[in-house]
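Colleague: Here is a sequence with its predicted model. Questions after.
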Amino acid sequence: MMQSVANLIAGQEWIFIIVAAAILIFGAKKIPELARTLGKSRTEYEKGKIEAEKELKDLKEKKD
């Protein structure tokens, strides 16, 4: 049953369903705050990733 429903709803419709569910769960006022927090955490992740790559590169250069 669930698979047949999933086949009827394709692609972009899922985005609208997820957004609607988020609004129902968190409320419209909380969504921008959640988006900001998600953006900040993604930025921190990218900084950490770049820093780790730099350290790995430095270690490889030291080893050689």
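Modeller: Sure thing, it's come through.

Colleague: secondary structure element for K54?
Modeller: Assessed by DSSP states H and E, K54 sits inside helix 31-63.

Colleague: Packing partners of that helix?
Modeller: Contact analysis of helix 31-63 by 3 or more C-beta pairs under 8 Å, 6 or more residues apart in numbering; DSSP states H and E lists helix 12-26 as its packing neighbours. The way it works is simple: take the backbone N, C-alpha and C, and place the C-beta from them, glycine included.

Colleague: Could I get the buried residue list for the helix it packs on?
Modeller: By neighbour count on 16 or more other C-beta atoms under 10 Å, the buried set for helix 12-26 is empty.

Colleague: Hmm, F26 is touching A35, no?
Modeller: No: with contact defined as C-beta atoms under 8 Å, F26 does not reach A35; the gap is 10.6 Å.

Colleague: And A28, its phi and psi?
Modeller: The phi and psi values for A28, taken as degrees, to the nearest 10, are phi -70, psi -30.

Colleague: E13 versus that one, what's the distance?
Modeller: Computed as C-beta to C-beta, to the nearest Å, the A28 to E13 distance reads 21 Å.

Colleague: Before we move on, what's the pLDDT of M2?
Modeller: On the pLDDT scale, M2 is placed at 54.

Colleague: Show me the shaky parts of this structure.
Modeller: For the chain, the stretches with pLDDT under 70 are 1-11, 64.

Colleague: can we see that at 90?
Modeller: The model of the chain has pLDDT under 90 over residues 1-23, 25-32, 34-35, 60-64.

Colleague: so the helix holding K54 versus helix 12-26, what angle?
Modeller: Between helix 31-63 and helix 12-26, the angle comes out at 110 degrees (axes from the mean of the first three to the mean of the last three C-alpha atoms, to 10 degrees).
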